[in-house]
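J.: Quick one, fold the following:
(one chain, ligands or ions: 1)
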Amino acid sequence: MKHYAVFGSPIAHSQSPRIHAAFAKQAGIAMDYVAIEADLDHFAGALAASGVAGANITLPLKEAAFALCNGRVSARAQRAGAVNTLLRDAHGWRGDNTDGLGLVRDLTERHGLDLRQRRVLLLGAGGAARGVAPALLDAGIHSLYVVNRSPARAEALVDASGEPDRAHARAWDALPTMGEFDLLINATSASRGGSLPALPMALAGPRSTAVDLSYGEAAVPFLAWARAAGCQHAIDGLGMLVEQAAESFALWHGQRPETDAVFADLSGRSDALRTAD
Ligand code: ATR
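T.: Below you'll find the model as predicted:
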């Protein structure tokens, strides 16, 4: 039986083991998948000791996973500078990044959004933001405005996108002058550690969609802001999580699982968790 795992910190509440167990059952594949807590200092050692054939990587390890592949990464991982999926072969680790495709699939197929010609605001420029920016541009959005607490990181993300006409870096204090967006994405880790700086209500309107790449409690503050600002849709990252997992599963096992039942099961649980709080 092959072994798989998700590495990150914190990792205790990860839904990935549950998702991959459900996919494996659906596909009739015997495998196990566990969550392994590892910080940056211990990641390489924990990965080597785990004996896994493949792994998902979450924060804060996506850039470290990219480095560990020594250039053996997919084009989309290269553009993101971050790896969320590792595959072991005879030569070592290969890296891919399924986050962007996971987000785009969730928005277009599950939520029925048309991303073409949309004006998009991306808050954050860390690993999560870099994972989704290329896929959004590939999906045909009109423009991508990247706003980050450290402006240099937003500029680096925009430069790496290779799309000077469509991608733009802006400072956080420019937000009040930036007008309304069709799609607003929170890719910061602010709600997990501290709190998201105040956002002007004028960024969103009744046709806007807001997405937080986190799920559960971490997504609550931004999505509450989005509802207060009048957004039509406020979507957390659970669907993206399931879709990126399905893409990883397909890379490892050669078949893409059906995601709707797994998503329905998990969202039922996360609603229950939220109301219990
Ligand atoms: P991840 O893999 O989740 O993207 P990361 O690479 O550490 O994690 O990036 C975290 C992102 O959240 C960054 O964009 C960070 O901004 P900086 O680049 O300026 O550090 C952003 N972030 C974290 N805490 C924040 C806060 N309190 N306010 C605004 N942005 C915050």
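J.: Might you report the residue contacts of the residue in the stretch 101-250 of the chain positioned nearest to the ligand?
T.: With distances taken as Cβ to the nearest ligand atom, the stretch 101-250 of the chain approaches the ligand most closely at Gly126, which sits 1.9 Å away. Just so you know, the C-beta spots here come from the backbone N, C-alpha and C atoms, and that holds for glycine as well. The neighbours of Gly126, taking Cβ atoms under 8 Å, 6 or more residues apart in numbering as the test, are Leu59, Arg153, Ala187, Thr188, Ser189.
J.: farthest-separated two in those?
T.: Taking Cβ to Cβ as the measure, the contacts of Gly126 reach their widest spread between Leu59 and Arg153, a distance of 14.8 Å.
J.: Tell me where this structure has strands.
T.: Under the criterion DSSP state E, the chain contains strands at 2-8, 31-37, 54-57, 85-89, 92-96, 119-123, 143-148, 167-171, 183-186, 209-212, 233-235.
J.: closest to Ala64 out of those?
T.: Each of these was scored for nearness to Ala64 using Cβ to Cβ, and the closest is strand 54-57 (8.0 Å).
J.: Run the chain-centre distance for that closest one.
T.: Averaging C-alpha positions (Cα atoms, centre = their mean, to the nearest Å) puts strand 54-57 14 Å from its chain's average.
J.: Could you dump the strands of the chain into a markdown table and include distance to the ligand and mean neighbour count?
T.: Conversion of the strands of the chain to a markdown table gives the following (distance: least, Cβ to the nearest ligand atom, whole Å; neighbours: other Cβ atoms under 10 Å):
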| stretch | distance to the ligand | mean neighbour count |
| --- | --- | --- |
| strand 2-8 | 9 | 21 |
| strand 31-37 | 16 | 18 |
| strand 54-57 | 10 | 27 |
| strand 85-89 | 15 | 19 |
| strand 92-96 | 15 | 19 |
| strand 119-123 | 7 | 25 |
| strand 143-148 | 5 | 23 |
| strand 167-171 | 11 | 18 |
| strand 183-186 | 9 | 26 |
| strand 209-212 | 11 | 26 |
| strand 233-235 | 17 | 21 |
